[in-house]
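Undergrad: Predicted model, plus sequence, below.
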Amino acid sequence: MATHSSSSSSPEVSVAAAETAWSDLRTLVGAEHVRAAIAEDAVDGVVPQMVIEPGSPEEVAGALKIATSAGLHVIPRGGGTKMDWGNLLRNNESRSGELLLSTRRLNRIVEHAWGDMTATVEAGCTFQRFQQTLAQHGQRLALDPLWPDSATIGGILATNDSGALRVRIGSLRDLIIGITLALPDGTLAKSGGKVVKNVAGYDLPKLATGSLGTLGIITQAIFRLHPVPRESRTLSFSNSEGGTSDGGSMNTLALAIQDCNMVPTGVQIRAGSASTPELGLHELDLRFEGTATGCEAQIEQTLRIASGARRIESPADVWNVRSTLWSGAEPSLVCKFSLLPVDLGTFLDLIRKASALLHLPWRLVAQAVGVGYLRIEGSDVAVLLHAVEDLRKKLESRGGSLVILRCPLEIKSKIDVWGSAGDALPLMRSIKAQFDRTGVLNPGRFVGGI
């Protein structure tokens, strides 16, 4: 039978080979855990042929080996909250070769070594359920990802989704100490261990974090934990008066807070155009955690430093406000940007000028570590594309970056959502080739079309 190939790096896929693979997959995980894909399983408009739900790391590895041998493309999925992140999927031209592999059944909390403050969890466990279990011993994974009730551990790791806590605790790569990856050749690769001071072996956990499932499928992870704080207090400030605002002064206040001897666990700037008053114009949120006495002392010191700013009531659920950037008028773009913290005020000015010139409403939530999220709305897709390309160019010229997380398919087909990888791209391609020689996992969706 004739075969077809989508790229020189992908194995050829025949209908006969695909049918054999489907049969082998049913035998591996049970027929009740393999089904035909439906429209809701589509990834950027591409509907895979089949969906499989393995029940163990060994079944994940076995499924990958079968798929690789048959030349199938594999799309990993956890809770499905971020399936539209990344570039367009590079299809199999034969249209018989997309397999969506769900980690839904890999949802066990394997071990909570509360005395050592570490925990091992499977990739399909939701973040909320994991936190609830850890809280029984007064501990937590010090992370605040998007959509915690449905986002899974594996998906959070694959997309490197960290929130405001990173200003004090560190990023996700600082919290993970061990990982198990199922590789396309059927190998289960393990790295790290169950103790915090583990320096043996290759640092596979950090490499897999943020790789968007293009190197292997995460099946288990081990994390270092932190105590649940006794108290948590939030202060919010605004310098908007009479319809005017200055984003730079709010950033100056944020930097001043971090430069003193206080230890906030959240420093967040919220901003928006005049047409989005629900977020305010330029507002600053600060969070302090610890004992009641410690929190009060830091609040008093903050109020002295911020004597020139207007204190306001903190919005409800203020530390999950970045999730609201995924709702609003369409079409829109949602982007993640990074820059030097001192450049945030300048970036806010650039956005405001572009918004006024092109009549584009916008909202922004930025963390004081120099990472933030921006939503831009507009009725003309071409204008949106021009705006984001201009902002990206200006950020990259100053050593920053801008990654498009969500956008219309018309825009995604014309631009690399990740931006420039610089001189790191050859190394990234080499790593991809070592782990996934035939381009089976999420082909095309990562940086530079990897």
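TA: Noted; the coordinates are in hand. Numbers count the residues shown, from 1 in each chain.
Undergrad: in the chain, which spans are helices?
TA: 15-29, 57-70, 127-135, 153-159, 172-175, 204-208, 247-259, 292-305, 344-358, 381-397, 409-412, 425-435 (DSSP state H).
Undergrad: now those as TSV including mean neighbour count and distance to Lys82?
TA: To be clear about C-beta, it is placed using only N, CA and C from the backbone, and glycine gets the same treatment. Below are those laid out as TSV (neighbours: other C-beta atoms under 10 Å; distance: least, C-beta to C-beta, whole Å):
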stretch	mean neighbour count	distance to Lys82
helix 15-29	17	24
helix 57-70	23	19
helix 127-135	17	12
helix 153-159	28	5
helix 172-175	20	14
helix 204-208	21	16
helix 247-259	19	27
helix 292-305	14	33
helix 344-358	18	24
helix 381-397	17	19
helix 409-412	15	14
helix 425-435	14	20
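Undergrad: Throw the ones you listed into a markdown table and include distance to Gly192, thanks.
TA: Output for the helices of the chain, formatted as a markdown table (distance: least, C-beta to C-beta, whole Å):
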| stretch | distance to Gly192 |
| --- | --- |
| helix 15-29 | 27 |
| helix 57-70 | 15 |
| helix 127-135 | 18 |
| helix 153-159 | 13 |
| helix 172-175 | 12 |
| helix 204-208 | 5 |
| helix 247-259 | 30 |
| helix 292-305 | 33 |
| helix 344-358 | 34 |
| helix 381-397 | 33 |
| helix 409-412 | 34 |
| helix 425-435 | 17 |
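Undergrad: low pLDDT regions in the stretch 251-400 of the chain?
TA: Applying pLDDT under 70 to the stretch 251-400 of the chain flags the ranges 274-281.
Undergrad: Please list all residues in contact with Ser171.
TA: Shown in contact with Ser171 (C-beta atoms under 8 Å, 6 or more residues apart in numbering): 160, 162.
Undergrad: same check, this time on Asp416
TA: Contacts of Asp416 (C-beta under 8 Å, 6+ apart): 87, 447-449.
Undergrad: Swap in 7 Å and give it another go.
TA: 87, 448 (C-beta atoms under 7 Å, 6 or more residues apart in numbering).
Undergrad: any idea how far the nearest residue to Thr265 once chain neighbours are set aside lies from Pro264?
TA: Leaving aside its sequence neighbours, Thr265 sits nearest to Arg168 (C-beta to C-beta, 6 or more residues apart in numbering; 4.2 Å). Using C-beta to C-beta, to the nearest Å, Arg168 is found at 7 Å from Pro264.
Undergrad: which residues does Asp285 bridge with?
TA: With DSSP bridges as the criterion, Asp285 is bridged to Ser236, Gln268.
Undergrad: Check whether it really touches Ser236, as I assumed.
TA: Yes. At 5.0 Å, Asp285 and Ser236 qualify as touching, with contact defined as C-beta atoms under 7 Å.
Undergrad: which neighbours do those two share?
TA: Common neighbours of Asp285 and Ser236 (C-beta under 7 Å, 6+ apart) are 314, 318.
Undergrad: between those two, which one's more packed in?
TA: Asp285 (23 against 20; other C-beta atoms under 10 Å).
Undergrad: so who does that one touch?
TA: Asp285 sits next to 234, 236, 266, 268, 270, 314, 318 when contact means C-beta under 7 Å, 6+ apart.
Undergrad: which residue sits closest to Thr152 in space, ignoring its chain neighbours?
TA: In space, Thr152 is closest to Gly78, 3.4 Å off (C-beta to C-beta, 6+ apart).
Undergrad: where's that neighbour relative to Ser102, distance?
TA: To Ser102, Gly78 is 8 Å away according to C-beta to C-beta.
Undergrad: For those two, work out which one has more neighbours and name it.
TA: Neighbour totals were compared for Gly78 and Ser102, and Gly78 leads with 28 against 20 (other C-beta under 10 Å).
Undergrad: Now do the contacts for that one.
TA: 103, 123-124, 152, 154-155.
Undergrad: Report pLDDT for it.
TA: On pLDDT, Gly78 comes in at 97.
Undergrad: Quick check, Leu134 in contact with Arg140.
TA: Yes. Between Leu134 and Arg140 there is a contact under C-beta under 7 Å: 5.4 Å.
Undergrad: between the two, what contacts are shared?
TA: Common neighbours of Leu134 and Arg140 (C-beta under 7 Å, 6+ apart) are Leu225.
Undergrad: Show the residue spans covered by the strands in the stretch 1-150 of the chain.
TA: 34-36, 50-52, 73-77, 98-102, 109-113, 118-122, 139-140 (DSSP state E, counting those that start in this stretch).
Undergrad: which ones are touching Phe288?
TA: 233, 264-265, 295, 298-299.
Undergrad: Let me have the contacts of Asp285 in a markdown table, extended by distance to Lys353.
TA: Conversion of the contacts of Asp285 to a markdown table gives the following (distance: C-beta to C-beta, whole Å):
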| residue | distance to Lys353 |
| --- | --- |
| Thr234 | 31 |
| Ser236 | 26 |
| Gly266 | 29 |
| Gln268 | 23 |
| Arg270 | 19 |
| Ser314 | 29 |
| Val318 | 27 |
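Undergrad: ok, back up a step: for Trp147, which of the helices of the chain is the nearest?
TA: Distance to Trp147, taken as C-beta to C-beta, is lowest for helix 127-135 among the helices of the chain, at 8.5 Å.
Undergrad: Dump the C-alpha coordinates for the closest one into PDB.
TA: C-alpha atoms of helix 127-135 as PDB (Å, rounded to 0.1, in the frame of the first residue of the first chain):
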ATOM      1  CA  PHE A 127      -3.400  20.800  40.900                       C
ATOM      2  CA  GLN A 128      -6.400  21.500  43.200                       C
ATOM      3  CA  ARG A 129      -6.700  17.800  44.300                       C
ATOM      4  CA  PHE A 130      -2.900  17.700  44.900                       C
ATOM      5  CA  GLN A 131      -3.000  20.800  47.000                       C
ATOM      6  CA  GLN A 132      -6.000  19.500  49.100                       C
ATOM      7  CA  THR A 133      -4.100  16.300  49.900                       C
ATOM      8  CA  LEU A 134      -0.900  18.200  50.900                       C
ATOM      9  CA  ALA A 135      -2.900  20.600  53.000                       C
END
